[in-house]
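Student: Whatever this is, show me its structure:
(one chain, ligands or ions: 2)
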Amino acid sequence: MAKKIGVTMEVGNDGVAVITITNPPVNSLASPIIAGLKEKFQDANQRNDVKAIVLTGNNGRFSGGFDINVFQQVHKTGDLSLMPEVSVELVCNLMEDSRKPVVAAVEGLALGGGLELAMACHARVAAPKAQLGLPELTLGVIPGFGGTQRLPRLVGLAKATDMILLSKSILSEEGHKLGLVDALVPPGDLLSASRKWALDIADGRKPFLRSLHRTDKIGSLSEARAILKNSRQLAKKIAPNMPQHHACIEVIEEGIVHGGYSGVLKEAEVFKQLVLSDTAKGLVHVFFAQRATSKVPNVTDVGLKPRPIKKVAIIGGGLMGSGIATALLLSNIRVLLKEINTEYLMKGIKSVEANIKGLVSRGKLTQDKAGKALSLLKGVLDYTEFKDVDMVIEAVIENIQLKQSIFKELEKVCSPHCILASNTSTIDLDVIGEKTNSKDRIVGAHFFSPAHLMTLLEIVRSKNTSAQVILDLMAVGKAIKKVPVVVGNCIGFAVNRTFFPYAQAAHMLTNLGVDLFRIDSVITSFGLPLGPFQLGDLAGHGIGLAVGPIYAKVYGDRMFNSPLTELLLKSGRNGKINGRGFYIYEKGSKPKPDPQVLSIVEESRKLTNIMPGGKPRSVSDKEIVEMILFPVVNEACRVLDEGVVIRAADLDIASVLGMSFPSYRGGIVFWADMVGPKYIYERLKRLSETYGGFFKPSRYLEERAMKGMLLSESQSSRSRM
Ligand SMILES: CCCCCCCCCCC[C@H](O)CC(=O)SCCNC(=O)CCNC(=O)[C@H](O)C(C)(C)COP(=O)(O)OP(=O)(O)OC[C@H]1O[C@@H](n2cnc3c(N)ncnc32)[C@H](O)[C@@H]1OP(=O)(O)O
Ligand SMILES: NC(=O)c1ccc[n+]([C@@H]2O[C@H](COP(=O)([O-])OP(=O)(O)OC[C@H]3O[C@@H](n4cnc5c(N)ncnc54)[C@H](O)[C@@H]3O)[C@@H](O)[C@H]2O)c1
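Tutor: Ligands and ions are numbered 1, 2, ... in the order given. A predicted model of the protein is given here:
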């Protein structure tokens, strides 16, 4: 059934016109809604039987803002005329400057353009716990319906810049204290209270306030300039590669110096420029790509319902097991943590406690909630209590025989409906389940470290895993605030496999004579939070050495064998874990590049002997980015070709959430498409002629480059799922 979209107006006997937005699920401001609002406000302003107006949203949500699909259309077509001219015609002229008072009745959420409409009203009445914010900067644009001007005038400049630059929303309770919300009322009274407020303004019992004309919360020009100076510093720190933060501050400043109306006009100009930026394209892509991960063909569209998962057993209380336990406990799921002996069990429980304490000390969790979470944890040393768990997540060391024997045992001790998940990062799931008769309920639950903080959950589906089990794990993932991405079974799955050339390429460049600290710095300037060497230190070089042969076995034709990791380990540099790797790690200070490591690098260079003519290769920063990330793109192509992910956008989300690839570049495939498959192919081809198989372009990349296709365009039908 087509969903009902539109704007309605009902005029009551009291002379109040209630204008209601209906566009499920979040009442986004799509073109027909904006047209409907213009029409109804014009009508209400003209009708003699209308004394006052109430604006509200249907189904308990005021509005989730401007329709982000329109941004995507603008990105596809480059056609700016798809953007409506709203900020003056509707928001200033028809609403704010109306002679009839308008009151916003806000419930659920008022975000972006939704909050901007509410701020153009002459008062705001809200239900408790409504979410209020201007998150436009997360989409690469700025507020475009006057929000840059009205929010500072309603809550003060410091609070407004904080909310806008950090895209922080607040609840209506806080909004009430700040003056953004004029009255808080129970949801059942929202409409009647708003009607009354509107009539009170009309009859002069309450003030007729136009937000854009207010100056009482702005302070003096020098105070404003001091706040904006701090904002500029904040923007430099949090968004060094993005244009919208600085642009937004300029627009706010325009309004402070030349008045709100001038600010509104500048806002529209700047909005037009930003909406076409690569940053906006990347961030809007990520917005939709993240939501698309919830749609898994033959799983979420076949009428299945997720089964309740109330109790989970975790086997192994090490780094990953304790992190996974923390994530489950924080979402009120009971956890049995199994270890091999009391000492390791206590260590595991202490890690969970430390994770939770860390959240409390950073103000992310109340003491009460921390206590409640820990009360749901029970440590065990055997399988006696496994009979009534709904799911087991195995997180023991990466050892095939051990995992196989555990799964064989689980089949006996757990109920037949229990989901059997493994957190393995490299072992084939079919191999793990080889000795069982439960292959349909064996699934990969690949969390990323630290598991209680990282949001990606790769759900690895073997050819036998049932749709019901995938759906159940997706539901658990969402319940514990992860973003589940369903991927196919292969060594490294989607993320680790795609990024295995990341460290390898860095090692190759270093062996070619490029300074390793420069490589890290170039890559962090590109936008990844950690360069390949610092990332290696964080993961631990022992792990790097252990997984190398596993990758070599299947992807050996495209491996660069660097002796550097082994040499590091030989000299006692395990990485962050023992305070020394490529960097030195001291408590309380940032990692410091260790010059002593350079002699180890020299030794490695002698062994590989790949420097041209024995002299360091000279490379530009651009070449560094290309030589490190194009091999990653190349592997992403193979992942797409083999159908390891359902759609290219899933790999974008997985790269953003699993590897912290910059979201404003849209994820690894989106970025590659922006750079151009043909250019990437030609660069790799040239590099492979000099340096061999590591850079050899994949069949998929070559094909797309030759056909002038994007990498994200219609994938091969040879899906593994
Ligand atoms: C000529 C040029 C002149 C230029 C002048 C300027 C003109 C235009 C100015 C625009 C002005 C405005 O300032 C810009 C905006 O308002 S941008 C939008 C700001 N709003 C947001 O960023 C909110 C985004 N949404 C969310 O954060 C969440 O979706 C949520 C609203 C908190 C709800 O969360 P949840 O309940 O978890 O549900 P989902 O996230 O899963 O969403 C459900 C579905 O709804 C879709 N959705 C959500 N928001 C929007 C939206 N704003 N537009 C379109 N669609 C939206 C979402 O995609 C989900 O869809 P599916 O179910 O299909 O996946
Ligand atoms: N470390 C990471 O960054 C990371 C990321 C994703 C996935 N993984 C995977 O997660 C798994 C665990 O890795 P980790 O880093 O937490 O290892 P870890 O060494 O920190 O922890 C493993 C724990 O398992 C326990 N254990 C071993 N046999 C057991 C048994 N029979 N019963 C109960 N407990 C047992 C050990 O005592 C140890 O405490 C591995 O499969 C690994 O590949 C690791």
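
Student: wait, does the worst-scoring helix or strand of the chain on mean pLDDT contact ligand 2?
Tutor: Here the helix or strand of the chain ranked lowest by mean pLDDT, DSSP states H and E is helix 541-555, holding a mean of 89. No: legend: contact between helix 541-555 and ligand 2 by CB under 6 Å from any ligand atom is lacking; minimum distance shown is 6.6 Å. Placement of C-beta: from N, CA and C, glycine included.

Student: Can you point out the buried residues in that helix?
Tutor: Using 16 or more other CB atoms under 10 Å as the test for burial, helix 541-555 gives H541, I543, G544, V547, G548, Y551, Y555.

Student: now swap in stretch 618-625 and tell me
Tutor: So stretch 618-625, judged by 16+ other CB under 10 Å, has buried residues V619, E623, I624, V625.

Student: cool, and stretch 256-272?
Tutor: Under 16+ other CB under 10 Å, the buried positions of stretch 256-272 are I256, G260, G263, V264, L265, K266, E267, A268, V270, F271.

Student: quick one: average confidence on that stretch?
Tutor: Regarding stretch 256-272, the rounded mean pLDDT is 97.

Student: With stretch 478-489 instead?
Tutor: 97.

Student: what residues does the least confident helix or strand of the chain touch?
Tutor: 398, 425-426, 490-492, 497, 500, 503, 536, 559, 561, 565-566, 568-569, 573-575, 581 (CB atoms under 8 Å, 6 or more residues apart in numbering).

Student: SS state for M454?
Tutor: coil (DSSP: H, G, I helix; E, B strand; the rest coil).

Student: change the start of the numbering to 7 and stick with it
Tutor: Sure, I'll start numbering at 7, so the last one becomes M460.

Student: Contacts only, for it.
Tutor: Taking CB under 8 Å, 6+ apart, one finds F453, F454, L663, G664 in contact with M460.

Student: 10 Å instead?
Tutor: By CB atoms under 10 Å, 6 or more residues apart in numbering, the contact list for M460 reads G329, A333, F453, F454, K488, V489, L663, G664, S666.

Student: phi, psi of the residue nearest to G185 when sequence neighbours are not counted?
Tutor: Excluding the flanking residues, the one nearest G185 by CB to CB, 6 or more residues apart in numbering is L160, at 5.9 Å. Main-chain dihedrals, L160, degrees, to the nearest 10: phi -100, psi -40.

Student: Do you know the pLDDT at L160?
Tutor: So, for L160, pLDDT stands at 98.

Student: Quick check: the gap between it and ligand 2.
Tutor: Look at L160 and ligand 2: by CB to the nearest ligand atom, to the nearest Å, they are 45 Å apart.

Student: V493 now?
Tutor: 14 Å.

Student: same question, P90
Tutor: 46 Å.

Student: Contacts only, for the residue of the stretch 557-706 of the chain found nearest ligand 1.
Tutor: Proximity of the stretch 557-706 of the chain to ligand 1 (CB to the nearest ligand atom) peaks at A655, 12.0 Å away. Going by CB under 10 Å, 6+ apart, A655 touches 291-292, 294-299, 491, 672-673, 675-676, 718.

Student: Quick check: residues of the stretch 207-356 of the chain near ligand 1?
Tutor: A274, F277, K278, R297.

Student: doesn't P90 make contact with the third one?
Tutor: Okay, so that is K278. No: using CB atoms under 10 Å, K278 is not in contact with P90, being 11.9 Å away.

Student: Find residues that contact each of the two.
Tutor: Both K278 and P90 are contacted by G150, under the criterion CB under 10 Å, 6+ apart.

Student: How about the residues of this protein by ligand 2?
Tutor: Counting by CB under 6 Å from any ligand atom, the chain sits next to ligand 2 at 321-327, 344-346, 350, 401-404, 408, 412, 429-431, 453, 455.

Student: From those, keep the buried residues only.
Tutor: 321-323, 325-327, 344-345, 350, 401-402, 412, 429-431, 453.

Student: from these, which ones fall inside helices?
Tutor: L325, M326, G327, Y350, I412 (DSSP state H).

Student: Closest one of those to Y685?
Tutor: M326 (38.7 Å; CB to CB).

Student: picking that back up, farthest-separated two in the contacts of M460?
Tutor: A333 and S666 (18.1 Å).

Student: Look at those two and report which has more neighbours.
Tutor: A333 (25 against 16; other CB atoms under 10 Å).

Student: coming back round to it: give the full set of residues in contact with the residue nearest to G185.
Tutor: L160 neighbours (CB under 10 Å, 6+ apart): 124-125, 130, 166, 181, 184-187, 215, 217, 220, 222-223.

Student: can you give me the helices for the stretch 7-156 of the chain?
Tutor: 37-52, 74-83, 119-126, 153-161 (DSSP state H, counting those that start in this stretch).

Student: Oh, that last question was meant for the stretch 357-506 of the chain, not what I typed.
Tutor: 373-381, 406-419, 435-438, 473-485, 501-517.

Student: which stretches of the stretch 307-456 of the chain form strands?
Tutor: When assigned using DSSP state E, counting those that start in this stretch, the strands of the stretch 307-456 of the chain occupy the ranges 317-321, 340-344, 383-386, 397-400, 425-428, 448-453.

Student: Buried residues, stretch 332-350. List them.
Tutor: Buried-residue list, stretch 332-350, by 16+ other CB under 10 Å: 332-336, 339-345, 350.

Student: wait, stretch 540-548
Tutor: Buried residues in stretch 540-548, counted by 16+ other CB under 10 Å: Q540, L541, G542, D543, L544, A545, G546, H547.

Student: Over to stretch 684-700?
Tutor: Buried residues in stretch 684-700 (16+ other CB under 10 Å): I686, Y687, R689, L690, L693, S694, F700.

Student: wait, isn't the fourth one in contact with P637?
Tutor: Yes: counting by CB under 10 Å, a contact exists between L690 and P637, whose distance comes to 7.4 Å.

Student: okay, and the common contacts of the two?
Tutor: F700, F701, K702, P703.

Student: thinking again about what came up before, and of the strands of the stretch 307-456 of the chain, who's closest to I355?
Tutor: Between these, strand 383-386 lies closest to I355; by CB to CB that is 5.3 Å.

Student: pLDDT of stretch 101-121, averaged?
Tutor: 98.

Student: so how far does that stretch reach from one end to the other?
Tutor: One end of stretch 101-121 sits 14 Å from the other (CA to CA, to the nearest Å).

Student: before we move on, the earlier item: got the contacts of A655 as TSV, with neighbour count columns?
Tutor: Listed next are the contacts of A655 as TSV, based on neighbours: other CB atoms under 10 Å:
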residue	neighbour count
H291	27
V292	25
F294	14
A295	25
Q296	20
R297	12
A298	16
T299	24
V491	32
G672	28
G673	29
V675	28
F676	27
S718	22
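
Student: With distance to G18 as extra columns, can I get those residues in TSV?
Tutor: As requested, the contacts of A655 are exported to TSV (distance: CB to CB, whole Å):
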residue	distance to G18
H291	44
V292	44
F294	39
A295	44
Q296	42
R297	38
A298	42
T299	45
V491	49
G672	48
G673	50
V675	53
F676	50
S718	51
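
Student: How about the residues of the stretch 7-156 of the chain by ligand 1?
Tutor: Close to ligand 1, as judged by CB under 6 Å from any ligand atom, the stretch 7-156 of the chain has residues 31-32, 34, 70-75, 86, 89-93, 115, 117-119, 122, 141-142, 145, 149-151, 153.
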